[in-house]
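Engineer: have a look at this fold, sequence not included:
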């Protein structure tokens, strides 16, 4: 099966200091990849480059066969429709309801005047409601986002990605601020994007104990390099200790 996301030699530096060093990575549809590593390993920069919030200095970044490194303007905006983003901070409009926040995921498909007036067609509202139902939040469809718990808000964000019909989902520390029960519900919802909807999911995690039962593969970063790429079943306590052990950076 061809990769939905493919990186070749992706590299980036800040003020001449290398942060990402020739990253190679393939993620297939229906696959969940957990990206782990110590602070300063390059995880945040990697995700910023994947979304083109930062343009990598060199390399190939293919999303569904399109190299985002070569695109600009309208062509880049069009290609980025295949990317769905889930942030640590939820990135919801707090005064809007859960349903209205999910409808934000349909902005690329709906005329601007409908967005401004919040007058979405019935079919769009039904789609948003179905997406909320799939993350277990249909009963909260008309609840303002700022009245939802952190875990509920993150599941609204996942429903929004589902509504956008993006084919690759990037989740940057989506459970960092959640309690264990909420974190588990969010990871279950993310997992369903792959298993039930065929999306490729890449998720960065600090809590390595959450990898089991969630990811198919684990990619470990250290000093901006991929130092580990194994099936999740092989990422045991020994592998985690080795990855996070004090280590002198290579120049």
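Structural biologist: Arrived safely, thanks for sending. This one's a predicted model, so the numbers in the text were calculated from it and none came from an experiment.
Engineer: which SS state does the residue nearest the centre of the chain fall under?
Structural biologist: For the chain, the residue nearest the mean C-alpha position is residue 170 (1.7 Å; CA atoms, centre = their mean). Of the three states, residue 170 takes strand under DSSP: H, G, I helix; E, B strand; the rest coil.
Engineer: any idea how far it lies from residue 49?
Structural biologist: Using CB to CB, to the nearest Å, residue 170 is found at 11 Å from residue 49. C-beta: built from backbone N, CA, C; applies to glycine.
Engineer: cool, and residue 233?
Structural biologist: Applying CB to CB, the value for residue 233 to residue 49 is 29 Å.
Engineer: between the two, which is the more surrounded one?
Structural biologist: Set side by side, residue 233 and residue 49 show more neighbours around residue 49, with 25 against 12, by other CB atoms under 10 Å.
Engineer: which residues does the nearest residue to the more buried one once chain neighbours are set aside contact?
Structural biologist: Once flanking residues are discounted, residue 49 sits nearest to residue 56: 4.4 Å by CB to CB, 6 or more residues apart in numbering. Residues in contact with residue 56, defined by CB atoms under 8 Å, 6 or more residues apart in numbering, are 10-12, 20, 49, 69.
Engineer: now do the contacts for residue 243.
Structural biologist: 36-38, 220, 222, 227-228.
Engineer: could you give the mean pLDDT of stretch 58-68?
Structural biologist: In this model, stretch 58-68 has an average pLDDT of 96.
Engineer: do stretch 135-146 as well
Structural biologist: Averaging pLDDT along stretch 135-146 yields 97.
Engineer: end to end, how far does it reach?
Structural biologist: 18 Å (CA to CA, to the nearest Å).
Engineer: and if you look at stretch 70-88?
Structural biologist: End-to-end distance (CA to CA), stretch 70-88: 28 Å.
Engineer: and the contacts of it?
Structural biologist: Contacts of stretch 70-88 (CB under 8 Å, 6+ apart): 50-52, 63-64, 66, 68, 91, 105, 108, 154, 157-158, 161-162, 164, 166-174, 176-177, 190, 199.
Engineer: now, these that are in strands?
Structural biologist: 63, 66, 168-172 (DSSP state E).
Engineer: and the helix or strand that residue 59 is a member of, how far from the chain's centre?
Structural biologist: Using DSSP states H and E, residue 59 sits within strand 58-63. Relative to the chain's own centre, strand 58-63 is displaced by 17 Å; criterion: CA atoms, centre = their mean, to the nearest Å.
Engineer: who touches it?
Structural biologist: Residues contacting strand 58-63 (CB under 8 Å, 6+ apart): 3-11, 22-23, 49-50, 52, 67-69, 79-80, 82-83, 167-168.
Engineer: what angle separates it from strand 168-172?
Structural biologist: Relative orientation of strand 58-63 versus strand 168-172 (axes from the mean of the first three to the mean of the last three CA atoms, to 10 degrees): 120 degrees.
Engineer: ok, and for strand 58-63, which residues are buried?
Structural biologist: By 16 or more other CB atoms under 10 Å, the buried positions in strand 58-63 come out as 59, 61-63.
Engineer: and the gap between residue 26 and residue 154?
Structural biologist: 27 Å.
Engineer: oops, could you answer that again for residue 132 instead?
Structural biologist: 13 Å.
Engineer: for the two, indicate the residue with more neighbours.
Structural biologist: Per other CB under 10 Å, whichever of residue 132 and residue 154 has more neighbours is residue 154, with 31 against 25.
Engineer: chain neighbours aside, what residue packs nearest to the more buried one?
Structural biologist: Nearest non-adjacent residue to residue 154 (CB to CB, 6+ apart): residue 186, at 4.7 Å.
Engineer: wait, what's in contact with residue 129?
Structural biologist: With CB under 8 Å, 6+ apart, residue 129 has these contacts: 99, 138, 141.
Engineer: quick one, what contacts the closest residue to residue 155 other than its chain neighbours?
Structural biologist: Closest residue to residue 155 in three dimensions, ignoring its sequence neighbours and counting by CB to CB, 6+ apart: residue 135, at 4.2 Å. Residues near residue 135 by CB under 8 Å, 6+ apart: 155-156, 158-159, 162, 189, 192.
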